[in-house]
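Asks: Here is my input; please provide its structure:
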Amino acid sequence: MNTLVPLAPLTNRANTVENAFWYAGTLMKVLVDGEQTNGRFAQIDVTTRPGAEPPLHTHTREDEAIYLLEGSIRFTIGEHVFIAKAGDYVLMPKGIPHTFQVLTETARTILTISPAGFENFFRHPSQAKPAQMPVLPPAPQGPPSAEAIQVAKMLAQEFGIEA
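Replies: Residues are numbered from 1 along each chain as shown. The predicted structure follows:
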(Lines give C-alpha, C1' and ligand atoms only; values in the text may rest on other atoms or scores of the structure.)
Protein backbone atom coordinates (compact mmCIF):
# COMPACT_ATOMS: atom_id res chain seq x y z
CA MET A 1 0.00 0.00 0.00
CA ASN A 2 1.27 3.46 -0.89
CA THR A 3 1.09 6.03 1.85
CA LEU A 4 1.31 9.61 0.71
CA VAL A 5 3.12 12.09 2.87
CA PRO A 6 0.79 14.99 3.67
CA LEU A 7 1.60 18.17 1.81
CA ALA A 8 2.54 21.28 3.74
CA PRO A 9 1.03 24.66 2.91
CA LEU A 10 3.11 26.33 0.24
CA THR A 11 3.51 29.76 -1.30
CA ASN A 12 5.83 30.43 -4.24
CA ARG A 13 6.44 33.86 -5.69
CA ALA A 14 6.04 33.69 -9.48
CA ASN A 15 7.22 37.18 -10.36
CA THR A 16 10.79 36.68 -9.21
CA VAL A 17 13.76 35.25 -11.03
CA GLU A 18 14.28 32.66 -8.29
CA ASN A 19 11.96 30.14 -9.98
CA ALA A 20 12.19 31.53 -13.53
CA PHE A 21 14.17 30.31 -16.50
CA TRP A 22 14.37 30.81 -20.24
CA TYR A 23 13.74 27.83 -22.49
CA ALA A 24 13.71 28.01 -26.31
CA GLY A 25 12.61 31.64 -26.45
CA THR A 26 10.04 31.14 -23.70
CA LEU A 27 9.83 32.43 -20.11
CA MET A 28 8.90 29.71 -17.62
CA LYS A 29 8.18 30.39 -13.96
CA VAL A 30 7.78 27.27 -11.84
CA LEU A 31 4.81 27.75 -9.53
CA VAL A 32 5.12 24.31 -7.92
CA ASP A 33 7.14 21.24 -8.87
CA GLY A 34 7.11 17.53 -8.14
CA GLU A 35 9.38 17.85 -5.12
CA GLN A 36 6.80 20.12 -3.53
CA THR A 37 3.76 17.94 -4.40
CA ASN A 38 5.16 14.46 -3.73
CA GLY A 39 5.25 13.91 -7.50
CA ARG A 40 1.51 14.47 -7.95
CA PHE A 41 1.72 17.45 -10.31
CA ALA A 42 3.73 20.50 -11.36
CA GLN A 43 2.53 23.89 -12.57
CA ILE A 44 4.46 26.40 -14.66
CA ASP A 45 3.49 29.93 -15.67
CA VAL A 46 4.58 30.07 -19.34
CA THR A 47 4.92 33.15 -21.54
CA THR A 48 5.69 32.28 -25.15
CA ARG A 49 5.65 33.69 -28.67
CA PRO A 50 5.35 32.45 -32.25
CA GLY A 51 8.34 30.36 -33.26
CA ALA A 52 8.84 28.77 -29.83
CA GLU A 53 6.34 25.97 -30.37
CA PRO A 54 7.20 22.26 -30.10
CA PRO A 55 7.00 19.80 -32.98
CA LEU A 56 4.21 17.22 -32.92
CA HIS A 57 5.01 14.87 -30.03
CA THR A 58 3.47 12.34 -27.63
CA HIS A 59 3.94 12.05 -23.88
CA THR A 60 4.06 8.47 -22.59
CA ARG A 61 4.09 9.29 -18.87
CA GLU A 62 2.06 12.39 -18.11
CA ASP A 63 -1.00 14.39 -19.04
CA GLU A 64 -0.60 18.10 -19.73
CA ALA A 65 -3.26 20.74 -19.26
CA ILE A 66 -3.09 24.38 -20.28
CA TYR A 67 -5.18 27.22 -18.91
CA LEU A 68 -4.80 30.15 -21.30
CA LEU A 69 -4.42 33.49 -19.49
CA GLU A 70 -3.54 35.75 -22.43
CA GLY A 71 -3.37 35.43 -26.21
CA SER A 72 -4.61 32.87 -28.70
CA ILE A 73 -3.19 29.43 -29.56
CA ARG A 74 -4.09 26.87 -32.24
CA PHE A 75 -3.90 23.37 -30.80
CA THR A 76 -3.62 20.09 -32.66
CA ILE A 77 -4.42 17.17 -30.35
CA GLY A 78 -4.81 13.90 -32.17
CA GLU A 79 -7.20 14.66 -35.03
CA HIS A 80 -8.73 17.69 -33.28
CA VAL A 81 -7.61 21.16 -34.36
CA PHE A 82 -9.04 24.20 -32.59
CA ILE A 83 -8.20 27.71 -31.44
CA ALA A 84 -8.12 28.49 -27.71
CA LYS A 85 -8.26 31.98 -26.28
CA ALA A 86 -7.89 33.54 -22.84
CA GLY A 87 -10.06 31.69 -20.32
CA ASP A 88 -10.00 28.37 -22.19
CA TYR A 89 -8.71 25.14 -20.64
CA VAL A 90 -7.07 22.52 -22.85
CA LEU A 91 -6.29 18.93 -21.82
CA MET A 92 -3.59 17.03 -23.70
CA PRO A 93 -3.81 13.41 -22.46
CA LYS A 94 -0.75 11.18 -22.49
CA GLY A 95 -0.56 8.91 -25.49
CA ILE A 96 -2.15 11.42 -27.89
CA PRO A 97 0.13 13.36 -30.28
CA HIS A 98 -0.13 17.13 -29.89
CA THR A 99 1.41 20.46 -30.79
CA PHE A 100 0.37 24.10 -30.86
CA GLN A 101 1.00 27.39 -32.66
CA VAL A 102 0.89 30.78 -30.94
CA LEU A 103 -1.36 33.08 -33.00
CA THR A 104 -0.79 36.34 -31.12
CA GLU A 105 2.35 38.36 -30.42
CA THR A 106 2.65 36.51 -27.10
CA ALA A 107 0.58 34.03 -25.12
CA ARG A 108 0.60 33.31 -21.40
CA THR A 109 -0.58 30.03 -19.92
CA ILE A 110 -0.56 27.96 -16.78
CA LEU A 111 0.80 24.52 -17.71
CA THR A 112 -0.12 21.64 -15.40
CA ILE A 113 1.84 18.40 -15.66
CA SER A 114 0.49 15.26 -13.95
CA PRO A 115 2.18 13.31 -12.60
CA ALA A 116 5.11 15.64 -12.09
CA GLY A 117 8.57 15.10 -13.53
CA PHE A 118 8.42 16.54 -17.03
CA GLU A 119 9.03 20.04 -15.65
CA ASN A 120 12.64 18.89 -15.32
CA PHE A 121 12.88 18.47 -19.10
CA PHE A 122 12.31 22.20 -19.53
CA ARG A 123 14.75 23.26 -16.84
CA HIS A 124 17.50 20.77 -17.70
CA PRO A 125 20.81 22.71 -17.75
CA SER A 126 21.45 21.80 -21.40
CA GLN A 127 18.09 23.33 -22.37
CA ALA A 128 17.41 26.23 -20.00
CA LYS A 129 19.13 29.34 -18.72
CA PRO A 130 18.24 31.15 -15.50
CA ALA A 131 16.06 34.14 -16.36
CA GLN A 132 17.93 37.38 -15.79
CA MET A 133 14.57 39.13 -15.43
CA PRO A 134 11.02 37.70 -15.29
CA VAL A 135 10.38 38.70 -18.92
CA LEU A 136 10.57 36.94 -22.29
CA PRO A 137 14.15 36.35 -23.42
CA PRO A 138 15.36 37.71 -26.73
CA ALA A 139 13.78 35.82 -29.63
CA PRO A 140 15.93 32.98 -30.99
CA GLN A 141 17.83 33.95 -34.12
CA GLY A 142 17.32 31.16 -36.64
CA PRO A 143 16.70 27.47 -36.07
CA PRO A 144 18.41 25.52 -33.27
CA SER A 145 21.83 24.07 -34.02
CA ALA A 146 22.21 20.40 -34.98
CA GLU A 147 23.85 19.83 -31.58
CA ALA A 148 20.92 21.44 -29.72
CA ILE A 149 18.46 19.30 -31.68
CA GLN A 150 20.43 16.15 -30.84
CA VAL A 151 20.51 17.02 -27.12
CA ALA A 152 16.75 17.73 -27.16
CA LYS A 153 16.09 14.36 -28.82
CA MET A 154 18.17 12.54 -26.21
CA LEU A 155 16.36 14.35 -23.39
CA ALA A 156 12.98 13.66 -24.98
CA GLN A 157 13.76 9.95 -25.00
CA GLU A 158 14.89 10.12 -21.36
CA PHE A 159 11.61 11.84 -20.40
CA GLY A 160 9.35 9.48 -22.38
CA ILE A 161 8.55 11.82 -25.27
CA GLU A 162 8.01 10.33 -28.71
CA ALA A 163 8.27 12.44 -31.86
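Asks: Could I get the pLDDT score of Val81?
Replies: On the pLDDT scale, Val81 is placed at 98.
Asks: How is it assigned, secondary-structure-wise?
Replies: The three-state label given to Val81 by DSSP: H, G, I helix; E, B strand; the rest coil is strand.
Asks: Enumerate the beta-bridge partners assigned to it.
Replies: Note on Val81: beta-bridge partners Thr76, judged by DSSP bridges.
Asks: wouldn't it be in contact with Ile73 here?
Replies: No: the pair Val81 / Ile73 is not scored as a contact, 11.5 Å apart, by CB atoms under 8 Å. In short, each C-beta sits where N, CA and C put it, glycine included.
Asks: a helix runs through Met154, doesn't it?
Replies: Yes: using three-state DSSP, the secondary structure at Met154 is a helix.
Asks: if I look at it, how far off is Ser126?
Replies: The gap separating Met154 from Ser126 is 9 Å, by CB to CB, to the nearest Å.
Asks: Give me the distance between stretch 83-93 and the centre of its chain.
Replies: Mean-position distance between stretch 83-93 and its chain equals 14 Å (CA atoms, centre = their mean, to the nearest Å).
Asks: From one end of that stretch to the other, what's the distance?
Replies: One end of stretch 83-93 sits 17 Å from the other (CA to CA, to the nearest Å).
Asks: Need the residues that contact that stretch.
Replies: Under the contact criterion CB atoms under 8 Å, 6 or more residues apart in numbering, stretch 83-93 has outside partners 59, 63-75, 77, 98, 103.
Asks: cutoff 10 Å now
Replies: The contact list for stretch 83-93 (CB atoms under 10 Å, 6 or more residues apart in numbering) reads 58-59, 62-78, 82, 98-101, 103-104, 107-112.
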